[in-house]
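**Q** Prediction below, plus the sequence it came from.
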Amino acid sequence: MKNTAGSAARPRLLLIGSNGQVGWELRRTLAGIGEVVAASIEGEAGPVVDLMDPSSLARLIDEARPDAVVNAAAYTAVDKAESDRETAKRINADAVAEMAALLAERGTPIVHYSTDFVFSGNLNRAYTEDDTPDPLNVYGETKLGGERALLESGARALVFRTSWVYGARGANFLLTMMRLFREREELRVVDDQIGSPTWSRMLAEMTAMVLYRVLRGDLDLDRVGGLYNLTGSGQVSWYGFASAILEASGLESNLIPIPSSEYQAPAKRPTYSVLDNGRFQEAFGLAMPDWRLSLGQCLEELKR
């Protein structure tokens, strides 16, 4: 590593996918621990990377010369992925494998995000990192391919599996519900899929706290590197999540719970995809807040 957080020169952090909902939060949290090179995939301020083009990724890493990389870029259109498998695979798996090879050569740490959708949802308990993945859809398959490529590459990696990510920016369940509450008097929401809502800001803050300790040398990635679940605490159905948003927002709508069988979508979703965060808490001494607390804080920010 060329720099450390305690040296005169601040570490240089390459953030890939800086214009997504997690990436936008990471811009802010990572700025507290180093110089952030914010690379987007859609042409906002800063360098642009084309994850469909391997040479673009290699060029970005060569030019940035980062002390650490945080990859928040992903193909997240779950239903569209069913008919766009090659693009989803290219971004979620192939590009991650190429990133892993480039960084393994350099010994550069990388943080990457995966998903609860690597599981089928057939267990009746929270999934641990040791449970066997069995994705039901193309999105889950491609994200699983990416995390495996990274973990098997020899790169100094942390992979955080998260779930039901929402925030004040981007396309997510919270903002969709807020819009629909204003547009419709009645909404039908699935009530038999259970998961853990995760505020993008809390995900970014946890990432920054762990990465800061890695860059300082307080954490040895040869010892603590690998796969961790990292989600909001607690669990709820989509209907329950929507009900909590409605109540906290002060808006009005008639919510009707429905089974998944009444919600026709191209991609099949797991019925139960709660993740056990125990390994993360034990390794880093950090715990994500209850999803209800984070939701209230996020809505307060939206009101401001």
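**A** Good, I have the coordinates.

**Q** Would you mind listing where the stretch 1-150 of the chain has pLDDT under the threshold?
**A** 1-8, 43-45 (pLDDT under 70).

**Q** Which residue ranges of it form helices?
**A** Using DSSP state H, counting those that start in this stretch, the helices of the stretch 1-150 of the chain run over residues 21-30, 54-64, 85-89, 95-106, 138-151.

**Q** of the ones you listed, which approaches Val159 most closely?
**A** Closest approach to Val159 among the helices of the stretch 1-150 of the chain is made by helix 138-151 (4.9 Å; Cβ to Cβ). (Glycine included, C-beta is placed from N, CA and C.)

**Q** For that closest one, output the C-alpha coordinates as PDB.
**A** Output of helix 138-151 as PDB, limited to C-alpha atoms (Å, rounded to 0.1, in the frame of the first residue of the first chain):
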ATOM      1  CA  VAL A 138     -30.600 -14.200 -13.600                       C
ATOM      2  CA  TYR A 139     -29.800 -11.200 -11.400                       C
ATOM      3  CA  GLY A 140     -29.000 -13.500  -8.500                       C
ATOM      4  CA  GLU A 141     -27.000 -15.900 -10.700                       C
ATOM      5  CA  THR A 142     -24.800 -13.100 -12.100                       C
ATOM      6  CA  LYS A 143     -24.200 -11.500  -8.700                       C
ATOM      7  CA  LEU A 144     -23.200 -14.900  -7.400                       C
ATOM      8  CA  GLY A 145     -20.800 -15.200 -10.300                       C
ATOM      9  CA  GLY A 146     -19.200 -11.900  -9.500                       C
ATOM     10  CA  GLU A 147     -18.700 -12.600  -5.800                       C
ATOM     11  CA  ARG A 148     -17.300 -16.000  -6.400                       C
ATOM     12  CA  ALA A 149     -14.800 -14.700  -9.100                       C
ATOM     13  CA  LEU A 150     -13.600 -12.100  -6.600                       C
ATOM     14  CA  LEU A 151     -13.300 -14.400  -3.600                       C
END
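
**Q** Give the buried residues for that helix.
**A** 138-151 (16 or more other Cβ atoms under 10 Å).

**Q** Over to stretch 257-266?
**A** Pro257.

**Q** need the strands for the stretch 51-200 of the chain, in chain order.
**A** Under the criterion DSSP state E, counting those that start in this stretch, the stretch 51-200 of the chain contains strands at 68-71, 110-115, 157-162, 165-166, 186-190, 194-195, 198-199.

**Q** Which one of those strands lies nearest to Gln297?
**A** strand 198-199 (7.3 Å).

**Q** Which secondary structure elements does the closest one sit against?
**A** For strand 198-199, the packing partners by 3 or more Cβ pairs under 8 Å, 6 or more residues apart in numbering; DSSP states H and E come out as strand 165-166, helix 291-303.

**Q** Partner strands of that strand, with direction?
**A** Here strand 198-199 is paired, per DSSP bridges, with strand 165-166 (parallel).

**Q** list the buried ones in stretch 46-55?
**A** Pro47, Val49, Leu51, Pro54.

**Q** and which of the residues you listed is nearest Glu35?
**A** Pro47 (13.4 Å).

**Q** Which residue, other than its chain neighbours, is closest to the closest one?
**A** Closest residue in space to Pro47, ignoring its immediate chain neighbours: Ala39 at 4.6 Å, by Cβ to Cβ, 6 or more residues apart in numbering.

**Q** Check whether the one you found really touches Gly23, as I assumed.
**A** No - the criterion here is Cβ atoms under 8 Å, and Ala39 misses it with Gly23 at 9.2 Å.
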